[in-house]
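Colleague: model this:
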Amino acid sequence: MRKILISLCCCLFLSGFLQKKTLLENSPTSSFPVSDTLVLLFAGDVMGHAPQYKAAYCPETKNYRYDICFENVKRYVATADFAVCNLEVPLAGEPYSGYPNFSSPDELLDALKSAGYNIILTANNHAADRGTPGIDRTIRTLMNRKMNYAGTYLNEKQRDTLYPLLLEKNNLKIAILNYTYGTNGRVVDKPYLVNMLDTLLISNDIKIAKARGANFIVACVHWGEEYFTHSNATQQKMARWLVARDVDLIIGGHPHVVQEVDFIQNKNAVPVPVFYSLGNYISNQRKINTDGGIMTRVKIDMNTRKILSTEYLPVYVHKGILREKYQYHLIPTPDFVSCPACFPIPSSDSLALMTFDKNTRERLPKIPVFPCLPIHLLDADTLE
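Modeller: Reported below is the predicted structural model:
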């Protein structure tokens, strides 16, 4: 068993990750978390198309292995106090299936946990793909693995107990809210609950969050039009409504492409970041703009409770062989730009990756890209 250790010093590594703390409310910039800050990290839609679980199947052990998918992003996830992703598939058990009625193996969740994600969002349009049995099993699988989650519930009592999800570090208490525009027309039978994008419900949830001591509120919203690279009027109106009700950060998903980032001033003239869509984190979609997404990192001052910086990392989904393994490999595009030899992929994929990177950067001119971290590549046999 051998390891290849390749260390890269990307530009802005020292100046970005080790720079002193700076408060720039109107133009958030990059800096590494220090002791009096809290760092949130968000990833986009975790999909489970049939080719994905087929690629993850290990015939020798007769189980599914997704860990390699996240090997190249794991070190970035580790920079956060809390890492959040949208699980856009039920864990409904066998038979597994892809679009349009998803059910993915539990090992997908295990791999997300191993990669460092400790908060899972479950309110999305595919939450009820396998009916209430799928909702039930997904929730119980999350509970069995002791993972925090928000969005779907076994009944009202459980929702009242667990929601809003509260995260704490020192004197900062963060509320995570999660809602979806719908469930593809599927009725969710009681007592099960999927948080819907309803203003009366959200208003009440915000009041409850404040009553329970939340002093920073994040709304994670499943909304928008699929494959549109710009937010629509409904998203923009809802974003303004959320900001007017003291939401401090908005993270969007569903369109399967990265949409723009905006900053909406609240009643105290503080700019609230709105990420309209983080795009696909991992999926089998290959059309332009759907073959990747962004991870976004937000640093918060725990004393002032203000956002110090926002930044993002474009992540391309390489479907194919990398280091002797066929899989869906997430590749941070700045890492590839810094060291193409570290990611020996076909020229057609290199072109697609660079196109995705270019399009994403052009769409997000208001915030910086993560500074690179040293790359630690594992040889294929270390992943056996």
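Colleague: Tell me which residues are up against stretch 137-148.
Modeller: 87, 90-93, 106, 109-110, 113, 118-120, 122, 127, 130, 149, 152-154, 165, 167 (CB atoms under 8 Å, 6 or more residues apart in numbering). Where you see a C-beta, it was placed from the backbone N, CA and C, and this is true even at glycine.
Colleague: cool, and stretch 231-249?
Modeller: 40, 177, 197, 199, 202-203, 206, 210, 216-219, 221, 223-225, 250, 252, 259-260, 262, 264-267, 272-274, 276-277, 298, 305, 307.
Colleague: Drop anything exposed from these.
Modeller: Listed as buried from these are 40, 177, 197, 202, 206, 216-219, 221, 223-224, 250, 252, 259, 262, 264, 266, 272-274, 276-277, 298, 307; burial here means 16 or more other CB atoms under 10 Å.
Colleague: Okay, and which of these map to strands?
Modeller: 40, 177, 216-219, 221, 250, 252, 262, 264, 272-274, 298, 307 (DSSP state E).
Colleague: just the residues you listed now: which is nearest Glu324?
Modeller: Leu40 (35.1 Å; CB to CB).
Colleague: just checking, the closest one touches Ile174?
Modeller: Yes - at 7.4 Å, Leu40 and Ile174 qualify as touching, with contact defined as CB atoms under 8 Å.
Colleague: For the protein, name the helix or strand with the lowest mean pLDDT.
Modeller: strand 3-5 (a mean of 36; mean pLDDT, DSSP states H and E).
Colleague: need the helices for the stretch 151-300 of the chain, in chain order.
Modeller: 156-162, 199-211, 233-244 (DSSP state H, counting those that start in this stretch).
Colleague: burial count for the closest residue to Lys267 other than its chain neighbours?
Modeller: Nearest residue to Lys267, sequence neighbours excluded (CB to CB, 6 or more residues apart in numbering): Ala244, at 7.2 Å. Neighbour count of Ala244, defined by other CB atoms under 10 Å: 12.
Colleague: Give me the pLDDT for Ala244.
Modeller: In this model, Ala244 is scored at 98, pLDDT.
Colleague: Then Lys21?
Modeller: For Lys21, the predicted pLDDT is 30.
Colleague: can you check Leu378 too?
Modeller: 49.
Colleague: Contact partners for Pro344?
Modeller: Leu322.
Colleague: Need the phi and psi values for it.
Modeller: phi -70, psi 90 (degrees, to the nearest 10).
Colleague: for this structure, which helix is longest?
Modeller: helix 347-363 (DSSP state H).
Colleague: just the angle between that one and strand 261-265, please?
Modeller: 20 degrees (axes from the mean of the first three to the mean of the last three CA atoms, to 10 degrees).
Colleague: could I have helix 347-363 exported to CSV, CA atoms only?
Modeller: Written as CSV, here are the backbone C-alpha positions of helix 347-363 (Å, rounded to 0.1, in the frame of the first residue of the first chain):
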residue,chain,number,x,y,z
SER,A,347,-9.1,15.8,-22.4
SER,A,348,-12.8,15.9,-23.1
ASP,A,349,-13.4,16.0,-19.3
SER,A,350,-10.7,18.5,-18.8
LEU,A,351,-12.4,20.8,-21.3
ALA,A,352,-15.8,20.3,-19.6
LEU,A,353,-14.3,21.0,-16.2
MET,A,354,-12.6,24.2,-17.4
THR,A,355,-15.9,25.3,-19.0
PHE,A,356,-17.8,24.7,-15.8
ASP,A,357,-15.2,26.6,-13.8
LYS,A,358,-15.2,29.5,-16.2
ASN,A,359,-19.0,29.7,-16.4
THR,A,360,-19.3,29.5,-12.6
ARG,A,361,-16.7,32.2,-11.9
GLU,A,362,-18.4,34.6,-14.4
ARG,A,363,-21.8,34.0,-12.6
